[in-house]
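>>> Just a sequence and a predicted model for now, questions to come.
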Amino acid sequence: MRHDHMWDEFQMGFWHPFGPYTGLSTREILEWKRDETNRYGCTFWSFAYSPTADIWLAHLKEAKGQVYALCSYSPGARDPDRYKGTLPATHYRELDESEWRAMPDPNVMKVTNPFKRRGLALAFKVRRVIALDPVIPPIRVEWFRKRDCTWRSDVLPTRGEFLVRKRHSTLASAKLRRVEALLELVPPYLVVLTRRGGLAPAA
């Protein structure tokens, strides 16, 4: 299925390194999370915590149109938690709120993470999971460097999540690598996860 209209409407979103996880292949992960969106209407897709998430959110509030996370196609990626294991999130809060809420029934939505950074993790709030034949997106972008809060047009780093925005000129813009899936996000796009009985560590 072609998804040209999604690239046309893309203005801002995330680059997300994607590979096997806890013994599951990427296709198994996509099926798992797609099943959750079908049952619950949305799901959370976890990744490592970053204290700059509030800066991401400030930019996302200016986004026009649909926001997507672009999941990289990385056939050589190793599963970092194949043998280490992960833990289920017990509580979450939306990034622009302070109140922690209990996670939905794990039979409906199971969200795990190693919680290596201050006992917290981030997650995309996902409405739809769209599997793709691996493709280089037909768009050029700038990526946001957290270290100095600048937009960059050089080569996108290979590790970590990055906020990206479309450039309408091929001059001074970065070409994306192949992607395997799109995650259609819903506001506020990001949540914080914890597993400390709702009493989260200082963020």
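Now that the structure is in, tell me what you want to look at.
>>> you'd agree residue 55 is in a helix?
Yes. Under DSSP: H, G, I helix; E, B strand; the rest coil, residue 55 falls within a helix.
>>> Now that it has come up, it's in contact with residue 150, right?
No. Applying Cβ atoms under 8 Å as the test, residue 55 and residue 150 come out as separate, 11.3 Å apart. To be clear about C-beta, it is placed using only N, CA and C from the backbone, and glycine gets the same treatment.
>>> More neighbours: the two, which one.
residue 55 (14 against 10; other Cβ atoms under 10 Å).
>>> Can you report how many residues neighbour the spatially closest residue to the more buried one that is not a sequence neighbour?
Nearest residue to residue 55, sequence neighbours excluded (Cβ to Cβ, 6 or more residues apart in numbering): residue 149, at 6.4 Å. Residue 149: 10 surrounding residues under other Cβ under 10 Å.
>>> ok, now residue 61?
Neighbours of residue 61 (other Cβ under 10 Å): 11.
>>> ok now do the residue lying closest to residue 143 once chain neighbours are set aside, which residues does it touch?
Using Cβ to Cβ, 6+ apart and skipping the chain neighbours, the partner closest in space to residue 143 is residue 162 (4.6 Å). With contact taken as Cβ atoms under 8 Å, 6 or more residues apart in numbering, residue 162 is in contact with 14-15, 143-145, 156.
>>> Derive a ChimeraX selection command for the buried subset of the residues you listed.
Selecting only the buried entries of the contacts of residue 162 in ChimeraX, with 16 or more other Cβ atoms under 10 Å as the criterion:
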select :14,15,143,144,156
